[in-house]
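take this sequence and fold it.
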Amino acid sequence: SFGVCSSSWLQGFMSVEAKIVVSIEAPHQILCADDGLLKLMDWNSSEVVGRTLRFLMGPQTDAVKIHAAVKNASFLKSSALQTVLYGRGGEARHVVVSMSPFHDASNMLAGCLVAFTPSEAITYRQAMEDCPMAKAIVSVEHPNMLQMINFGFTQLFGYNESQASGRSLSIVHGPSTNLAGWRSMIAAAKGGKIGRCNLTLCSSSCVEFSVDVAFVPVVDDASCISNLVVYFSPNFSRPHDNNNNSNNFLHAFQPAPSDYFSSPAYPHLPDHAAAPCPHAAPSPADARRAHGQPLP
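Sure thing, here's the model as predicted:
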């Protein structure tokens, strides 16, 4: 049970977005708000106009970063951050906050548009909990160094802890791995959302096979995304058949965790199948990359 992300307020709200416009100058008075704030934070738009952004903040809110992001809008810059805001009843809510400049009908800068969406991040403790799927915990920044793998990862890819320690997660890349899809999942997770995709990955014995992959953001005690936990589910319906041994390899993997993949960290949330990945022509550097080499 993942308390941060399976709480009742979040169920069904993953696509909800609340928007307000605040003044650039501190303390950032709220100039207008939409109805999304009611679903997300239990506040009516009429109740918040005229108040300052501070009334949504609390002990875990990174007020300095929020203030800096609003100021960035005055220089016509957009930014996003993960933080904790507080609903009407004082409950902490992990959200992704996006800030961008807001212009009036005369195209003059009139404030900062602030958009809130529920975060899909989990805590490090939750990321470490036992899981029936192959998983790895990696650093959030490139080259995404491996920090922990479970036995399922060893079964699936053939690397034990000593072989994986200190190496990049790119050791699971093969010649057919869609790098554009891989990068898009990491970008989504760094923005507080789960990145899902089906990819062709490669074992330590150079066997390629189809895998459903999910990158889930992990927050530290300061509610900043500090790690990513990556879940892998071999896709038995779409094996990569370039190698005659691929089917035998996949069916030897036990247990088969495909039934768990729909919502790997959030069993109570609606099903989200692995999405098609964006495709891009490989760069010359990617084309020359051998199995297991890190991304350029």
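
so what touches stretch 132-143?
Residues outside stretch 132-143 that contact it (CB atoms under 8 Å, 6 or more residues apart in numbering): 127-128, 144-150, 152-153, 155-157, 164, 168-170, 189-190, 217-218, 225-233, 255, 257, 260-261, 264, 294-295. Every C-beta, even on glycine, is put in place using the N, C-alpha and C of the backbone.

state the phi and psi torsions of residue 217.
Residue 217 adopts backbone torsions of phi -70, psi 140, taken as degrees, to the nearest 10.

could you tell me which of the contacts of stretch 132-143 count as buried?
Buried by 16 or more other CB atoms under 10 Å: 127, 144-150, 152-153, 156-157, 164, 168-170, 189-190, 217-218, 225-233, 257, 260-261, 264, 295, out of these.

so of these, which ones are in strands?
146-149, 217-218, 225-233 (DSSP state E).

now, the most widely separated pair of those?
With CB to CB as the measure, no two of those lie farther apart than 226 and 233, at 24.5 Å.

what segments of the chain are helices?
Secondary structure of the chain by DSSP state H: the helices cover 3-6, 36-41, 45-48, 63-74, 124-128, 151-157, 161-164, 179-190, 246-251, 284-288.

adding distance to residue 27, write those out as TSV.
Below are those laid out as TSV (distance: least, CB to CB, whole Å):
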stretch	distance to residue 27
helix 3-6	28
helix 36-41	18
helix 45-48	14
helix 63-74	9
helix 124-128	33
helix 151-157	48
helix 161-164	48
helix 179-190	29
helix 246-251	57
helix 284-288	48
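
by mean pLDDT, show me the worst of those.
Mean pLDDT is lowest for helix 3-6 among the helices of the chain, at a mean of 28.

mind checking how far residue 109 is from residue 144?
Noted for residue 109: a distance of 38 Å to residue 144, by CB to CB, to the nearest Å.

any weak-confidence spans in this structure?
Of all residues in the chain, those with pLDDT under 70 make up the ranges 1-15, 236-296.

okay, which residue is most central for it?
Residue closest to the average C-alpha location in the chain (CA atoms, centre = their mean): residue 189, at 2.1 Å.

am I right that it is in contact with residue 197?
No. Under the criterion of CB atoms under 8 Å, residue 189 makes no contact with residue 197, lying 11.2 Å away.

quick check: closest non-adjacent residue to residue 204.
Distances taken as CB to CB, 6 or more residues apart in numbering put residue 158 closest to residue 204, at 3.5 Å, once the chain neighbours are dropped.

phi, psi for that neighbour please.
Torsion angles at residue 158 (phi, psi; degrees, to the nearest 10) stand at phi 90, psi 10.

give the burial count for it, as a bare number.
Neighbours of residue 158 under the rule other CB atoms under 10 Å: 18.

out of the helices of the chain, nearest to residue 91?
Comparing the helices of the chain by CB to CB, helix 36-41 comes nearest, at 9.6 Å.

and that closest one, how far from the chain's centre?
In this view, helix 36-41 has its centroid 22 Å away from the chain centroid, taken as CA atoms, centre = their mean, to the nearest Å.

and if you look at stretch 141-150?
Mean C-alpha position of stretch 141-150 versus that of the full chain (CA atoms, centre = their mean) differs by 15 Å.

stretch 142-152 too?
The answer for stretch 142-152 is 16 Å, by CA atoms, centre = their mean.

now do stretch 21-35
From the chain centre to the centre of stretch 21-35 is a distance of 27 Å (CA atoms, centre = their mean).

what of stretch 170-190?
Between the centre of stretch 170-190 and the centre of its chain there are 13 Å (CA atoms, centre = their mean).

end to end on it, go ahead and measure it.
For stretch 170-190, the first-to-last residue distance is 17 Å (CA to CA, to the nearest Å).

before we move on, what about stretch 186-195?
Length of stretch 186-195, first residue to last, CA to CA: 7 Å.

with stretch 70-89 instead?
End-to-end distance of stretch 70-89 (CA to CA): 26 Å.

residue 72: how many residues sit nearby?
Neighbour count for residue 72, taken as other CB under 10 Å: 17.

could you find the closest non-adjacent residue to it?
Nearest residue to residue 72 in three dimensions, chain neighbours excluded: residue 79, at 5.3 Å (CB to CB, 6+ apart).

one more: residue 71?
If the residues on either side of it in the chain are set aside, residue 71 comes closest to residue 24, at 7.0 Å by CB to CB, 6+ apart.
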